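Chemist: With the sequence up front, the predicted model follows.
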Amino acid sequence: MSLPEPTFDYEACLTRCAQGDQQALRVLYDQESARLLGVAKRIVGDNALAEDIVHDAFIKIWARANSYDSSRGSARGWIFSVTRHLALNFIRDNANHALADELDHESMADQASPGIADSFEYRARSGRIYTCLEQLEPARRNCILHAYVDGYSHAQIAQKLGTPLGTVKAWIKRSLLALRECMG
Amino acid sequence: MSKVTGSNSPENIDELASEYVLGTLSAQQRNEVRKRMATEPELRAAVDGWERRLLELTEQADAQTPSPFLWRRVQRSINSSLQQGSSTAATSWWNLLPLWRSLAASGIAATLVLAAVLLLRNAPLNETAYLVVLVAPQDKAPGWVIQTSNRQEIQLIPLGVAEVPRDKALEFWTKGEDWQAPVSLGLVKPGQKLSISLDKLPPLAPNQLFELTLENPNGSPTGKPTGPIQFIGRAVKVI
């Protein structure tokens, strides 16, 4: 299955977790751990680290299930947000080290193929966000995707695309505004 | 510039929320957003909106099957925090997971807290007692305990002497779950034991948040926490 089952009751799982039902956490794990690991792996880049992130995410989901508030968003969205932000915190907290590696790596890549405009292998799907992303220029769309999916900082995106940092920041800012307008 | 917007205008809040969710903020900016979300419903709502808008982009990452050990690790971590007190059905202080989770980092402090709890148990039985363990946000090391046997007065007890830069001071804050913003309980010297009357505030309630932040020597200039959180914890009812 590549798409989440529409019938799966994430919220009921969280309610049961909040009541201390470990089986519910297991059900949630079976349902989403592979997708969550995929999300974490893209951001932290390393298998073992990504598993650490998913481990911490499930501990947090278990411990904080009682604080999940359905008026703030879907239960599935919540568990993805928990995982993504753990991964983002990790790479940002270790930014100096990771960024140096990345810049070394990228500057070599740039010499080989400078200014790749369509660097993000992008798979359009049916959701609203994809309709709106389609309306952005490819380079700007890539900025958004590299940031959200790869966890790249402004500086990393600038390196990756061979575009000045200020331009990348402005593109992202305007693209987010455009998405906001398009999606409501 | 056709329009002047302050840093707290809806446009700025939405921009900050969008870059927080997108992931482009620095570690420090991310920390600030997380802290502000706790007290600013507008920012929280803006972040929730962006989480919802961008969620589908998680589909761009290929799913990857975890190793068979990962679930066992998760299970072990959960069980080791459960083991501390699963033998009694009634909710008692020794059965409070958040308390034990926050203490897992330090056995010595746990002993001190135990002593504090035992003291509390001598309190008059008709009063509801509360306990708060304030831990450092990064390593969860406990630094202070708040005890009370009466909902109008609390005692802040240091477990050690916190290190505070020479030009800074520790300010003590509390916020009930349904309060709009934290309220200052004054400045605290590292290592100082303090009794504080809460008579101008609503009675202490379960889950009420307490924190110590690093502020200017005369306290926060804005009346709201501005500096980094040094210690944080929530009130748990001791039965």
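Modeler: Okay, I see it.
Chemist: and the next element down the chain from the helix or strand hosting B:N12?
Modeler: Taking DSSP states H and E as the definition, B:N12 sits inside helix B:10-22. Heading C-terminal from helix B:10-22, the first helix or strand you meet, by DSSP H and E, is helix B:27-39.
Chemist: Against which helices or strands is that following helix packed?
Modeler: Where contact means 3 or more Cβ pairs under 8 Å, 6 or more residues apart in numbering or on different chains; DSSP states H and E, helix B:27-39 is packed against helix A:75-93, helix B:10-22, helix B:41-54. For glycine as for every other residue, the C-beta is placed from the backbone atoms N, C-alpha and C.
Chemist: Of those, which is nearest A:Q159?
Modeler: Nearest of the helices and strands packed on helix B:27-39 to A:Q159, taken as Cβ to Cβ: helix A:75-93 at 15.1 Å.
Chemist: Next, the buried residues of that closest one.
Modeler: Neighbour-count burial for helix A:75-93 flags A:75-93 (criterion: 16 or more other Cβ atoms under 10 Å in any protein chain shown).
Chemist: what residues does that helix touch?
Modeler: Surrounding helix A:75-93, the residues in contact under the criterion Cβ atoms under 8 Å, 6 or more residues apart in numbering or on different chains are A:4, A:8, A:10-11, A:13-14, A:28, A:32, A:36, A:39-40, A:43-44, A:49-50, A:53-54, A:56-57, A:60-61, A:64, A:68, A:72-73, A:98, A:151, A:153, B:23, B:25-27, B:30, B:51-52, B:55, B:58.
Chemist: Quick one: list the elements packing against the longest helix seen in chain A.
Modeler: Identified as the longest helix of chain A according to DSSP state H is helix A:22-44. Packing partners of helix A:22-44 (3+ Cβ pairs under 8 Å, 6+ apart): helix A:10-18, helix A:47-64, helix A:75-93, helix A:138-150, helix B:68-82.
Chemist: per-domain residue ranges of chain B.
Modeler: Listed domain ranges for chain B are B:10-60, B:91-238 (source: automatic domain parsing).
Chemist: For my notes, confirm B:V161 occurs in a helix.
Modeler: No - note on B:V161: no helix contains this position according to DSSP: H, G, I helix; E, B strand; the rest coil, which reports coil.
Chemist: so which of the helices and strands packed on helix B:27-39 comes closest to A:A124?
Modeler: Closest approach to A:A124 among the helices and strands packed on helix B:27-39 is made by helix B:41-54 (15.1 Å; Cβ to Cβ).
Chemist: So which bits of that closest one are buried?
Modeler: Going by neighbour count (16+ other Cβ under 10 Å), the buried part of helix B:41-54 is B:L43, B:R44, B:A46, B:V47, B:D48, B:G49, B:W50, B:E51, B:R52, B:R53, B:L54.
Chemist: quick one: average pLDDT of it?
Modeler: The average pLDDT for helix B:41-54 rounds to 97.
Chemist: Please could you give me each C-alpha atom of that helix, formatted as PDB?
Modeler: Output in PDB follows, covering the C-alpha atoms of helix B:41-54 (Å, rounded to 0.1, in the frame of the first residue of the first chain):
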ATOM      1  CA  PRO B  41      -2.800  30.800  20.200                       C
ATOM      2  CA  GLU B  42      -2.600  32.800  16.900                       C
ATOM      3  CA  LEU B  43       0.900  31.400  16.200                       C
ATOM      4  CA  ARG B  44      -0.200  27.900  17.100                       C
ATOM      5  CA  ALA B  45      -3.300  28.100  14.800                       C
ATOM      6  CA  ALA B  46      -1.100  29.400  12.000                       C
ATOM      7  CA  VAL B  47       1.400  26.500  12.500                       C
ATOM      8  CA  ASP B  48      -1.500  24.000  12.600                       C
ATOM      9  CA  GLY B  49      -2.800  25.500   9.300                       C
ATOM     10  CA  TRP B  50       0.600  25.000   7.600                       C
ATOM     11  CA  GLU B  51       1.000  21.500   9.000                       C
ATOM     12  CA  ARG B  52      -2.300  20.700   7.300                       C
ATOM     13  CA  ARG B  53      -1.500  22.400   4.000                       C
ATOM     14  CA  LEU B  54       1.900  20.700   3.600                       C
END
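Chemist: Counting by contacts, list what that helix packs against.
Modeler: helix A:75-93, helix A:165-183, helix B:10-22, helix B:27-39.
Chemist: swap the cut-off to 6 Å and go again
Modeler: Applying 3 or more Cβ pairs under 6 Å, 6 or more residues apart in numbering or on different chains; DSSP states H and E, we find helix B:41-54 packed against helix B:10-22, helix B:27-39.
Chemist: what does the last one contact?
Modeler: When contacts are defined by Cβ atoms under 6 Å, 6 or more residues apart in numbering or on different chains, helix B:27-39 is touched by residues A:R92, A:D93, B:Y20, B:L43, B:R44, B:A181.
Chemist: what lines up beside the host helix or strand of B:Q155 in the sheet?
Modeler: Per DSSP H and E, B:Q155 falls inside strand B:153-158. Strands that pair with strand B:153-158, judged by DSSP bridges, come out as strand B:142-150 (antiparallel), strand B:194-197 (antiparallel).
Chemist: Done for today, thanks.
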